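> with the input below, show me the fold.
(one chain, ligands or ions: 1)
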Amino acid sequence: MDGASAMDPRLYRQFCELAHRQAGIVLKEGKESLLIARIARRQRALGLTSAREYLDYLEADRTGGEIVSFLDVITTNFTSFLREPEHFEHLAQEVLRWVKGGAKRLRFWSAASSTGEEPYSMALTLLEALGDAPIDLRILATDLSTAVLAKARDGIYDEEALEPLPASQKLRYFERVADGDRQLYRASEALRQVVVFKRLNLRQPPFPMRGPLDAVFCRNVMIYFDKEVRQGLVGAIEGLLKPDGFLAVGHAETLTGLQTRLRAVKPSVYARPP
Ligand SMILES: C[S@@+](CC[C@H](N)C(=O)[O-])C[C@H]1O[C@@H](n2cnc3c(N)ncnc32)[C@H](O)[C@@H]1O
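Alright, predicted model coming up:
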């Protein structure tokens, strides 16, 4: 049963348990062939011929290195610049209100930052909104996957990736870099100075950062978690947010059914009461 297109259900369950234990990720039922396709690359790299051998290898690996690679291949990293644009409009609006109220130091978290489009979009939204105002600004951008974090730190994107950005922002916040015939763009120094990338597992609160945070973007990742993991995560975010700060989740996500003091203020935006 351990061939190229089928997997023993018990073996599949063991992979599911591992993904859930390590990362809170729920692999759906009946997705055996997707898992086979995703782990094939790791099997080849390690010279292993079956999924069973790969699971044995994973469980025996005491360095923790292979689990990182496993999580890299099973996670979905789709993202884009200014994805779900209303969140960035809300961010600009709230930041201007806080600065008007005297804020001089602003702290943000992009909690599943993937290849960097989300935190760089936050950075350029903030820089555009704040202009020359002397504000101490930082965005912590975290992800579980070391592969996407490496790409995010490089901050290099192709023309297509930058399409959602207005031309003026593309010019102001990206520099052209040549790569043979391809035209690539690198996030400018101004953007890079504001964003710090770190690896962090959302399945393992409490998190090492100190609050208070002004806003948290935790978007399109809770859909992979079960209720218990979502509850732990939302509780930790609530504890880190300043009163009047907000959490943005993905449009397909909701806090309904979770215990939280955060209140919906707009679709997929929740604020901590002042
Ligand atoms: C679909 S992307 C979302 C990216 C971005 N937030 C957005 O909305 O465009 C989901 C990201 O969550 C990350 N992820 C999955 N499980 C995670 C966990 N337990 N801890 C931290 N990041 C995780 C994946 O590596 C992936 O980069």
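> what sits against residue 184?
156-158, 176-178 (Cβ atoms under 8 Å, 6 or more residues apart in numbering). The way it works is simple: take the backbone N, C-alpha and C, and place the C-beta from them, glycine included.
> run the last query once more with 10 Å
154, 156-159, 161-162, 174-178 (Cβ atoms under 10 Å, 6 or more residues apart in numbering).
> please apply the same query to residue 102.
Residue 102 neighbours (Cβ under 10 Å, 6+ apart): none.
> pretty sure residue 109 is touching residue 215, no?
Yes: the criterion here is Cβ atoms under 10 Å, and residue 109 meets it with residue 215 at 7.8 Å.
> list the residues that contact both of the two?
122, 139, 241, 247.
> give me the distance between the closest residue in space to the third one that isn't next to it in sequence and the ligand.
Using Cβ to Cβ, 6 or more residues apart in numbering and skipping the chain neighbours, the partner closest in space to residue 241 is residue 272 (4.5 Å). For residue 272, the distance to the ligand equals 20 Å [Cβ to the nearest ligand atom, to the nearest Å].
> same question, residue 167
22 Å.
> the ligand: which of the shared contacts of residue 109 and residue 215 is nearest?
Nearest to the ligand among the shared contacts of residue 109 and residue 215 is residue 122, at 10.5 Å by Cβ to the nearest ligand atom.
> residues contacting the closest one?
82, 87-88, 91, 108-110, 113, 137, 139, 141, 191, 194-195, 215, 217, 248.
> again, only this time at 6 Å
Residues in contact with residue 122 (Cβ atoms under 6 Å, 6 or more residues apart in numbering) are 108, 139.
> continuing past the helix or strand encompassing it, what's the next helix or strand?
Per DSSP states H and E: residue 122 is located in helix 117-130. Downstream of helix 117-130, the next assigned helix or strand under DSSP H and E is strand 136-143.
> could you check how far that next one is from the centre of its chain?
Distance, stretch centre to chain centre, for strand 136-143: 12 Å (Cα atoms, centre = their mean, to the nearest Å).
> and the direction of the helix or strand following it versus that of helix 117-130, what angle?
The element immediately downstream of strand 136-143 (helix or strand, assigned by DSSP H and E) is helix 146-154. Helix 146-154 runs at 30 degrees relative to helix 117-130, counting by axes from the mean of the first three to the mean of the last three Cα atoms, to 10 degrees.
> what lies in contact with helix 146-154?
68, 72, 77, 113-116, 143, 197, 199.
> how about that helix and the ligand, any contact?
Yes: using Cβ under 6 Å from any ligand atom, helix 146-154 reaches the ligand at residue 148.
> for the next helix or strand after that helix, packing partners?
Remark: after helix 146-154, the chain's next helix or strand is strand 156-158, criterion DSSP H and E. Applying 3 or more Cβ pairs under 6 Å, 6 or more residues apart in numbering; DSSP states H and E, we find strand 156-158 packed against strand 182-187.
> buried stuff in the strand it packs on?
Going by neighbour count (16 or more other Cβ atoms under 10 Å), the buried part of strand 182-187 is 184-187.
> determine which two of the residues you listed are furthest apart.
With Cβ to Cβ as the measure, no two of the buried residues of strand 182-187 lie farther apart than 184 and 187, at 11.1 Å.
> so where's this structure shaky on pLDDT?
1-5 (pLDDT under 70).
> would you list the phi and psi of residue 164?
With angles defined as degrees, to the nearest 10, residue 164 shows backbone torsions of phi -70, psi -10.
> neighbours of it, just the number please.
15 (other Cβ atoms under 10 Å).
> what of residue 196?
13.
> which residues are in contact with the helix or strand hosting it?
In this structure, residue 196 sits in strand 195-199 according to DSSP H and E. Contact with strand 195-199 is made by 119, 123, 139-142, 149, 152-153, as judged by Cβ under 6 Å, 6+ apart.
> redo that, cut-off 7 Å
Residues outside strand 195-199 that contact it (Cβ atoms under 7 Å, 6 or more residues apart in numbering): 113, 119-120, 123, 138-144, 146, 149, 152-153.
> ok, of those residues, which come out buried?
113, 119-120, 123, 139-144, 149, 152-153.
> and these, which two are furthest apart?
Among the buried ones among the contacts of strand 195-199, 123 and 144 lie farthest apart (Cβ to Cβ), at 21.2 Å.
> where does the spatially most central residue of the chain fall, phi/psi-wise?
When Cα atoms, centre = their mean is applied to the chain, the residue found nearest the centroid is residue 112 (1.4 Å). With angles defined as degrees, to the nearest 10, residue 112 sits at phi -140, psi 80.
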